[in-house]
Every structure is written in structure tokens, then in C-alpha cells.
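# Sequence and predicted structure below; questions after.
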Amino acid sequence: MPEPSRTHLVLIPSYNTGERLFSTVAAARAQWNPVWVVIDGSTDGTGERLQQLAAADPGLRVWQLPQNQGKGAAVLRGLEAAREAGFTHALAMDSDGQHPAELIPAFMQASLARPDTLVLGRPIFDASAPRARVWGRKLSNGWTHIETLWAGVGDSLYGFRIYPVNALIDVMRSQPWMRRFDFDTEAVVRLVWNGVKPINVDAPVKYLSAAEGGVSHFNYVRDNLLLSWMHARLMGEFLLRLPSLVMKRLRGLPPFQP
């Protein structure tokens with residue numbers, strides 16, 4: 001197993017992912033130490049089983065939220081625990097097997113080389129990707145490019161990424177949003193607004209079928225409405241921030257620095 005890091009950890013939020021959670025955690029542990037999991041009110045028994053595994057593995061820690069609060073809320077719980085333990089960065093990855101655990105070391109190295117940045121996974125899709133999700137992602141990314149004044153965000157929705165812990169906690173504690181499906185995109189936009197430069201690393205994404213153990217809680221109506229409301233809010237705030245962002249871009253200040 002890898003030697004434990006004192007600065008960077010892997011953080012996995014999970015809600016009713018079933019057996020897929022255990023293969024995801026095992027794959028992450030093979031690549032990094034430590035790995036932390038936040039069970040977001042799951043009712044499938046995975047939290048209790050993972051706690052048993054953690055009792056025999058000092059590189060694995062598990063938190064269980066009493067009820068489902070959303071991905072962003074689960075990540076925030078893990079970030080706050082990480083800050084208390086002295087960690088500076090967290091690589092967030094989904095528990096459903098879509099994200100490439102084998103790239104964890106490469107992402108960590110990119111973050112260690114530039115710890116002031118936000119390391120974003122830039123997804124490479126295969127034939128398993130639903131066409132509607134791919135086109136919806138392009139639309140959301142288009143809005144994100146505008147909201148960040150083309151600061152270099154390769155993809156705003158891919159959840160395989162490394163966050164500076166303190167910066168993201170400050171962003172999330174400053175407003176009530178970013179607790180559910182709006183988390184990934186709004187986190188990127190607000191961190192960029194706060195001067196955190198995004199850098200992009202290509203990474204494959206695989207949409208697993210039900211037969212392969214894939215689990216998805218995405219609701220096309222509910223979550224697309226949430227994203228639409230999120231971009232409406234962000235665009236309104238972007239207009240207020242536009243003069244400052246333009247000045248930063250012209251002067252090459254964060255997040256527009258090389």
C-alpha cells in the first residue's frame with residue numbers, strides 16, 4: 001500500500017451505491033493513502049460494512065451522515081474533517097466506478113507541483129456515455145466559460161478533481177447553495193472567482209450499466225432544473241463581478257495567471 005500523505009487525501013461521497021462502493025474504495029486505496037469516505041445517509045448497509053473494513057485499515061476512514069443531504073454537503077463534511085486533521089487538498093471522486101482510480105497519483109502530482117490551483121479532470125467519453133448527458137454537459141460548460149470569463153475550465157461537471165481544502169470550505173460556508181447536484185459546477189465557478197486557477201488533466205469516464213453494477217441518482221427533470229437555476233444565479237452575480245474579472249484578466253492576475 002502507498003505511504004500515507006500528510007497533505008493530500010482522497011475523498012469519496014457515497015449514497016446507496018451498493019457493492020460498487022467497495023470496488024471503488026479498494027481501487028482508490030491501492031493508489032493512495034489515506035482514503036476517506038462520507039456515507040451520505042445510505043440505507044443499503046454499505047456504511048456499516050465499510051466501517052468494519054476501516055477498523056482493520058488505518059488508511060481508510062468513514063463518516064456516516066444520519067440522512068441524505070446531497071453530494072456537496074457530504075464533501076463539505078469530509079473537507080472540514082480534513083482541515084481539522086491538517087490536510088490541505090482533497091481529491092474528490094464518485095463512488096459509482098465512473099472515475100479512473102489509476103490516475104489518482106498523476107492528479108496528486110499535478111496538485112503537488114502547483115498547490116495553489118484547482119486540478120480538474122477533463123473527461124474523455126466512450127460509447128457508454130448517454131448522448132443527452134454529453135450534450136447537456138456541453139451546454140453547462142458553455143455557461144461556465146462565460147461565468148469565469150474563459151479562465152480555462154476544461155469541464156465543470158466532472159467530479160474527479162482536487163480541491164484546495166481551505167478555499168472550498170470558505171466558498172461553501174459563504175452561501176447556502178452547492179449542497180446537491182449543483183455542487184460540482186458552482187464550486188468551480190466560485191473558486192475561480194476567488195482567484196484559484198484551474199488546470200486540466202485528461203481522464204476517461206465510463207457510464208456503467210445496471211448489469212455492471214452501475215448506480216445513478218441523476219434525475220433529468222429535477223437536476224436539470226437545479227442546474228438552470230444555478231446558472232441563472234451565477235450569471236446575475238457574474239455581471240456584478242465582470243469589471244473586476246476583466247481587470248484581472250488584462251493584468252494577468254489570479255485566476256488568469258500563466
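Nice, I can see it.

# C-alpha from now on. contacts and neighbour counts both.
Fine.

# so where is this structure shaky, pLDDT-wise?
Residue ranges of the chain with pLDDT under 70: 132-133, 208-220.

# Report the secondary structure state of the closest residue in space to residue 179 that isn't next to it in sequence.
Take residue 179 and drop its neighbours on the chain: the residue closest to it by Cα to Cα, 6 or more residues apart in numbering is residue 72, 3.9 Å away. Three-state call for residue 72 (DSSP: H, G, I helix; E, B strand; the rest coil): helix.

# Can you get me a residue count around residue 72?
21 (other Cα atoms under 10 Å).

# Residue 107 too?
For residue 107, using other Cα under 10 Å, the count is 22.

# Am I right that it is in contact with residue 122?
No: between residue 107 and residue 122 there is no contact under Cα atoms under 8 Å: 11.4 Å.

# what do the two both touch?
Common neighbours of residue 107 and residue 122 (criterion: Cα atoms under 8 Å, 6 or more residues apart in numbering): residue 201.

# if we can go back for a sec, ok, the residue nearest to residue 179 to residue 172 distance?
Going from residue 72 to residue 172 by Cα to Cα, to the nearest Å gives 9 Å.

# Assign residue 33 to helix, strand or coil.
Going by three-state DSSP: residue 33 is coil.

# what sits against it?
1, 2, 3, 4, 5, 9, 10, 59, 60.

# check which helix or strand covers the closest residue in space to residue 103 that isn't next to it in sequence.
With sequence-adjacent residues excluded and distances taken as Cα to Cα, 6+ apart, residue 103 is closest to residue 203, at 7.5 Å. Per DSSP states H and E, residue 203 falls inside strand 197-205.

# returning to that earlier point: just name the closest of the contacts of residue 33 to residue 45, please.
residue 60 (17.5 Å; Cα to Cα).

# Pull out the buried residues from stretch 10-30.
10-22, 24-25, 27-29 (16 or more other Cα atoms under 10 Å).

# tell me which residues in the helix or strand following the strand holding residue 203 are buried?
Going down the chain from strand 197-205, the next helix or strand is helix 220-251, by DSSP H and E. Going by neighbour count (16+ other Cα under 10 Å), the buried part of helix 220-251 is 224, 227, 230, 231, 234, 235, 238, 245, 248, 249.
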